[in-house]
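**Student:** Got a predicted structure here, sequence first:
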Amino acid sequence: MILEKINKPGDVKKLSPIEYNQLAEEIRDFLINHISKTGGHLASNLGVVELTIALHLAFDLPKDKIIWDVGHQSYTHKILTGRKDQFDGLRKFGGMSGFPKRNESNYDAFDTGHSSTSISAGLGYVCSRDCQGQNYSVVSVIGDGALTGGMAYEALNNASSLKTNFIIVLNDNAMSISKNIGGVSYMLSDIRSSDSYIDFKENLANSLYKIPGGSRMVSALKKTKNNLKQIILPNQLFESMGIAYLGPVNGHDTEKLIKTLKVAKRINGAVIVHVVTQKGRGYKQAERNPSKFHGIAPFDVKTGNVLNKPKNPTYSSVFSDAICRLAKKDKKICAITAAMPDGTGLTKFSKWFPDRFFDVGIAEEHATTFAAGMAAGGMKPVFAVYSSFLQRAYDQILHDVCIQQLHVVFAIDRAGLVGADGETHQGIFDLSFLSSIPNMTIFAPKNDWELKEGLKFALEEHNGPIALRYPRGEACTDFHEFKEEIVLAKSEILYKEKDIAILAVGSMVKLGDEVRKRLKARGLNVSLVNARFVKPIDEKLILELSMNHSLIVTLEENVASGGYGRAVCQMINDTKLKPRCLEISLPDDYIEHGSVDILMKEAGIDVDSIEERILSVHKEI
Ligand SMILES: Cc1ncc(C[n+]2csc(CCOP(=O)(O)OP(=O)(O)O)c2C)c(N)n1
Ligand SMILES: CC(=O)[C@@H](O)[C@H](O)COP(=O)(O)O
Ligand SMILES: [Mg+2]
């Protein structure tokens, strides 16, 4: 086994070239076996095994810097930098992250998780290096999907004037999570499918490799390409910006990759190395269905079937059915995704209503202003987006949607703790950042029924910006006996007693009810309220509750600052009535990876901790 020889950083450099292919195969087996047990981003990682080996051989880490865009494809890099033994704990609480983390290894040059940041960060490193007169290489590795994100172009625009070396490896597998879309993806596909161009490239690395470096390298590159203008037209996008272009290179040929990277290293300026890879390579199931294996829960290696499928439908699938049902009746309803049709549940909509479905690429900012434009034009856009990715579009929500009070519906999935993806993906800030924007309405359903009704309310009753936020995973199917009509700014009372009132937001209603039962068993009187609207809050009800309860408890899966509890307690403090207020929320902090149950416990928002905290405050009253 060659992988047995890879235990610490640099071990890969001790191998002989005839061992590279076998190492790649062994790494693939290792990844398939481990990820089948832990879950993780399998398909993207299987695609970059040779590319990662080549990068580690062509560069001198950690002096040289590799920045992985999104970072979901960094598993081979982790194996080659002494973290092979940590894969049993991948994405588990206290275990190794699924993304690059500077605090995990000094071989991880930059933390990532959200898309399209690597060129900006890489260029930052380059300019920092040059300002300080240092000498090292910087390589940003960006996927073709991530290249649909606006930040990448802002960075390329900036990098075009660079006079020193900066390598951008474009890992092109023609896939985002789903099939990649848009003009740039068509351009890349044109380059990939040009046979004569590929033949030419087979020899290019060899010939350029022999030319001395610096500006002579650039002019040799330009001269060769000028002679081939007709067949290399597609890459003019980069070259006319002043960014050199090498490729496409077969991303599964380690030695050719090394040669090309060494050529790239000698160019004065920014250079794109276009590498063609196959997502899911080496595992038939993932090659056939790379979207399914992009991020996968534990699965059976033989069949590829996911183990422990959820019993209830997920919130995403409830949303999926609900929007399709509403869009059947109302031709103005359209759906927008920023490259997440599967995750957000919009795939069915895309098939039923292809003319009203818009996958805009990994472009949350654009998606938001695009939705604003559609609403201004008279359509009813629903932008389905993960909570943490919507963070990108704060200004567009404020400037383009809310100032104009446009009727845009934000279907915010993965709101609350998401678990294994960790800090970068927890959806725990949306209540805070949306609450601060005037004209925004925020609704959080307690169960599947209420998500459907909430969407109906948002599209049929409401007129203005509105966000529905719901968590990752299985929908709550309890509380079907409570189906009070949805009215703007009205909460729903589930149990009305006195003494302690629990006001819970969305996913926390279920926990609130469990706590209520426990407190009742101790002989306490407890009201339970389903908040429904986080903005505007139900001031009338909160005043009423304040009159006959000595303790008001708020529960939410969001950070404390700017959240629901803060708004409720602030309101109560402004009145003459002074029940005690207890805000139970997540700490104002980033929350690492781990199972949601463990993270809830750690944060003190599980049933045991909530009961304990309520009892201890109640005792003081
Ligand atoms: C801002 C943001 N939006 C959405 C995502 C979700 N996401 C993660 S990976 C990915 C696709 C990336 O495609 P590509 O860069 O081509 O990498 P591949 O998986 O194909 O290697 C998407 C949409 C994200 N991480 N960040
Ligand atoms: C890397 C990334 O951003 C996505 O692949 C994300 O991990 C998907 O999360 P879900 O598994 O919740 O769809
Ligand atoms: Mg891709």
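**Tutor:** That came through, no problem. Residues are numbered from 1 along each chain as shown. Ligands and ions are numbered 1, 2, ... in the order given.
**Student:** Spell out the secondary structure type for the closest residue to residue 274 other than its chain neighbours.
**Tutor:** Spatial nearest neighbour of residue 274, chain neighbours left out: residue 247 (3.0 Å); criterion: Cβ to Cβ, 6 or more residues apart in numbering. In this view, the C-beta of every residue, glycine as well, is placed from N, C-alpha and C. Here residue 247 is recorded as strand under DSSP: H, G, I helix; E, B strand; the rest coil.
**Student:** any idea how far residue 239 is from residue 247?
**Tutor:** From residue 247 across to residue 239, the span is 12 Å (Cβ to Cβ, to the nearest Å).
**Student:** hey, where'd the helices end up in the stretch 301-450 of the chain?
**Tutor:** Assigned helices in the stretch 301-450 of the chain, in chain order: 315-329, 341-344, 347-352, 364-376, 387-390, 394-395, 430-435, 448-456 (criterion: DSSP state H, counting those that start in this stretch).
**Student:** I'd like the average pLDDT over the second one.
**Tutor:** Translated: helix 341-344. Mean pLDDT, helix 341-344: 98.
**Student:** wait, does that helix make contact with ligand 1?
**Tutor:** No. Applying Cβ under 6 Å from any ligand atom, one finds helix 341-344 separated from ligand 1 by no less than 7.6 Å.
**Student:** How about residue 242, nearest residue that isn't a chain neighbour?
**Tutor:** Leaving aside its sequence neighbours, residue 242 sits nearest to residue 160 (Cβ to Cβ, 6+ apart; 4.1 Å).
**Student:** for the one you found, what are its contacts?
**Tutor:** Going by Cβ atoms under 8 Å, 6 or more residues apart in numbering, residue 160 touches 241-243, 270.
**Student:** For it, give me phi and psi.
**Tutor:** phi -60, psi -20 (degrees, to the nearest 10).
**Student:** mind checking pLDDT for it?
**Tutor:** pLDDT for residue 160: 95.
**Student:** ok, now residue 503?
**Tutor:** Value listed for residue 503 in the pLDDT field: 98.
**Student:** quick one, what contacts it?
**Tutor:** Shown in contact with residue 503 (Cβ under 8 Å, 6+ apart): 491, 512, 529, 531, 542, 545, 552-555, 564, 568.
**Student:** just residue 56 next, same as before
**Tutor:** So residue 56 contacts 12-13, 77, 80 (Cβ under 8 Å, 6+ apart).
**Student:** what helix or strand does it sit in?
**Tutor:** helix 49-58 (DSSP states H and E).
**Student:** Run through who's touching the helix or strand just after that helix.
**Tutor:** With elements assigned by DSSP H and E, the helix or strand that comes after helix 49-58 is strand 65-68. Identification of contacts with strand 65-68 by Cβ under 8 Å, 6+ apart yields 55, 59, 74, 77, 100, 109-110, 112, 118, 121-122, 125, 136-141.
**Student:** Can you name the residues of the stretch 301-450 of the chain that neighbour ligand 1?
**Tutor:** Contact residues (Cβ under 6 Å from any ligand atom) of the stretch 301-450 of the chain with ligand 1: 338-340, 362, 364, 389, 392.
**Student:** separation between whichever residue of the stretch 501-621 of the chain sits closest to ligand 1 and residue 493?
**Tutor:** Closest residue of the stretch 501-621 of the chain to ligand 1, Cβ to the nearest ligand atom: residue 593 (14.4 Å). Distance, residue 593 to residue 493, by Cβ to Cβ: 37 Å.
**Student:** and the residue in the stretch 151-300 of the chain that ligand 2 sits nearest to, how many neighbours does it have?
**Tutor:** Here the stretch 151-300 of the chain gets closest to ligand 2 at one residue, residue 295, 4.1 Å apart by Cβ to the nearest ligand atom. As a burial measure, residue 295 scores 20 neighbours (other Cβ atoms under 10 Å).
**Student:** List the contacts of the nearest residue to it once chain neighbours are set aside.
**Tutor:** Of all residues not flanking residue 295 in the chain, residue 41 sits nearest, at 5.0 Å (Cβ to Cβ, 6+ apart). By Cβ under 8 Å, 6+ apart, residue 41 lies in contact with 35, 72-73, 75, 98, 294-296.
**Student:** With residue 552 instead?
**Tutor:** Applying Cβ under 8 Å, 6+ apart, the residues near residue 552 are 501, 503, 542, 545-546, 568-569, 572, 579-582.
**Student:** and it, which of the three is it?
**Tutor:** Classification of residue 552 using three-state DSSP returns strand.
**Student:** any idea how far it is from residue 522?
**Tutor:** Using Cβ to Cβ, residue 552 is found at 19 Å from residue 522.
**Student:** next one: residue 500
**Tutor:** Distance of residue 500 to residue 522, given as Cβ to Cβ: 11 Å.
**Student:** Low-confidence ranges, the stretch 301-450 of the chain, go.
**Tutor:** Applying pLDDT under 70 to the stretch 301-450 of the chain picks out no residues at all.
**Student:** Within range of ligand 2, give me the residues from it.
**Tutor:** Selection of the stretch 301-450 of the chain residues close to ligand 2 by Cβ under 6 Å from any ligand atom yields 343, 414, 418, 421.
**Student:** how many neighbours does the residue nearest to residue 274 have?
**Tutor:** 25.
**Student:** And for residue 523?
**Tutor:** Residues near residue 523, counting by other Cβ under 10 Å: 6.
**Student:** pLDDT value on it, please?
**Tutor:** On pLDDT, residue 523 comes in at 97.
**Student:** Going by residue numbers, what spans are helices in the stretch 51-200 of the chain?
**Tutor:** Under DSSP H, counting those that start in this stretch, the stretch 51-200 of the chain gives helices at 75-78, 118-131, 150-159, 183-193, 195-209.
**Student:** Out of the ones you listed, which is the most enclosed?
**Tutor:** Of all the helices of the stretch 51-200 of the chain, helix 75-78 carries the top mean neighbour count, a mean of 26, counting by mean count of other Cβ atoms under 10 Å.
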